[in-house]
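*Asks:* sharing a model that was predicted from the sequence below.
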Amino acid sequence: MSYAVKEIFLTLQGEGVHAGRRAVFMRFTGCNLWSGLEKDRASAVCQFCDTDFVGMDGAGGGRFKTAADLAKAAASVWGNDPELRFIVITGGEPMLQIDEVLIQALHDAGFEIAIESNGTLPVPRSIDWICISPKAGSTTVQRSGDELKLVWPQKGSDWQDMAHWDFANHLVQPMDARGDDAASAANLESAIAFVQANPKWRLSLQTHKILGLA
Ligand SMILES: C[S@@+](CC[C@H](N)C(=O)[O-])C[C@H]1O[C@@H](n2cnc3c(N)ncnc32)[C@H](O)[C@@H]1O
Ligand SMILES: Nc1nc2[nH]cc(C(=O)O)c2c(=O)[nH]1
Ligand code: SF4
Ligand SMILES: [Mg+2]
């Protein structure tokens, strides 16, 4: 199988438990909860997405024929130092494309692998760090992992039920209202109040946006 990749870039992981860590980001094309086209946003299952995952035209993007080719591209973005290689696989929805062959190729290249997934498809435990971000209106089948990251607020999401799923870390991340600063500020305030009331949950900020990183 081949892989459709939007972009591959070096940055710091902005979100969650690994925030601040040097990471290669590999963003796969396509999602099962939104086409990625603005004309479809209002009718999509997931309507708040902050990401362009359409096409293969980003930096380092393209169609990769083999897992080995893709792992080689990721290694070259990391640079020469083989130490502490860390890759975050995201999208779009990366589980539409990731397979064991790719996971093995990235491990062979020395990467510790993290994933950002909406949890609608099972995620293999061969991935080292599983972050699931459930979306209201979809069925989360992947109910275990390292990090549950709930975008907040989300009408129709049952966080009390989620708290019983098998995750090591529980985070709430304020919804970026994409240009509506007042709404973003209200979402942040609401997320802080939620954490103040529910000590099982921690705040995750999108620090890359604060820092002006990709
Ligand atoms: C773009 S998604 C790609 C991975 C996967 N499809 C998912 O939803 O988890 C990456 C992360 O950004 C979060 N996210 C997307 N739009 C957001 C927004 N407007 N505000 C805050 N977080 C957002 C998602 O919930 C997810 O945790
Ligand atoms: N720096 C940075 N950190 C991130 N963490 C999760 C992201 C994502 O889009 O999946 C993301 C992203 O797009 N950039
Ligand atoms: S599931 Fe993830 S990639 Fe898909 S539209 Fe929602 S936030 Fe964006
Ligand atoms: Mg992002």
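*Replies:* Yes, it's here. Ligands and ions are numbered 1, 2, ... in the order given.
*Asks:* that's a strand at F167, yeah?
*Replies:* Yes. With DSSP: H, G, I helix; E, B strand; the rest coil as the criterion, F167 is part of a strand.
*Asks:* nearest spatial neighbour of it, skipping sequence neighbours?
*Replies:* Excluding the flanking residues, the one nearest F167 by Cβ to Cβ, 6 or more residues apart in numbering is L148, at 4.0 Å. Quick note: C-beta positions are derived from backbone N, CA and C, even for glycine.
*Asks:* so whichever strand or helix holds the one you found, near ligand 1 or not?
*Replies:* In this structure, L148 sits in strand 144-152 according to DSSP states H and E. Yes. Using Cβ under 6 Å from any ligand atom, strand 144-152 reaches ligand 1 at 149, 151.
*Asks:* how far does stretch 88-97 sit from the chain's center?
*Replies:* Counting by Cα atoms, centre = their mean, to the nearest Å, stretch 88-97 is centred 7 Å from the centre of its parent chain.
*Asks:* grab the nearest non-local neighbour of Q173.
*Replies:* Per Cβ to Cβ, 6+ apart, closest to Q173 is S204, 4.2 Å.
*Asks:* settle this for me: that neighbour is touching G16, isn't it.
*Replies:* Yes. S204 lies in contact with G16 (Cβ atoms under 8 Å); the separation is 5.2 Å.
*Asks:* for the residue nearest the centre of the chain, helix, strand, or coil?
*Replies:* When Cα atoms, centre = their mean is applied to the chain, the residue found nearest the centroid is E116 (2.8 Å). Classification of E116 by three-state DSSP places it in strand.
*Asks:* how close does it sit to D161?
*Replies:* 21 Å (Cβ to Cβ, to the nearest Å).
*Asks:* tell me if stretch 37-46 is near ligand 2.
*Replies:* No. Using Cβ under 6 Å from any ligand atom, we find that stretch 37-46 stays clear of ligand 2, coming within 13.0 Å at best.
*Asks:* please point out which parts of that stretch sit buried.
*Replies:* Buried residues in stretch 37-46, counting neighbours by 16 or more other Cβ atoms under 10 Å, are found at 44, 46.
*Asks:* show me what the strand holding L148 pairs with in its sheet, parallel or antiparallel.
*Replies:* Within its sheet, strand 144-152 is paired with strand 129-132 (parallel), strand 166-174 (parallel), according to DSSP bridges.
*Asks:* of all the ones you listed, which one comes closest to ligand 2?
*Replies:* Judged by Cβ to the nearest ligand atom, the one of the strands paired with strand 144-152 that comes nearest to ligand 2 is strand 129-132, at 8.1 Å.
*Asks:* grab the nearest non-local neighbour of the residue nearest to the centre of the chain.
*Replies:* With Cβ to Cβ, 6+ apart as the criterion, E116 has its nearest non-adjacent residue at 4.1 Å, and that residue is T90.
*Asks:* do M175 as well
*Replies:* The shortest distance from M175 to any non-neighbouring residue, by Cβ to Cβ, 6+ apart, is to N187 (4.6 Å).
*Asks:* close enough to count as contact, that neighbour and P174?
*Replies:* Yes. The pair N187 / P174 is scored as a contact, 4.3 Å apart, by Cβ under 8 Å.
*Asks:* joint contacts of these two?
*Replies:* Common contact partners of N187 and P174 (Cβ atoms under 8 Å, 6 or more residues apart in numbering): W152.
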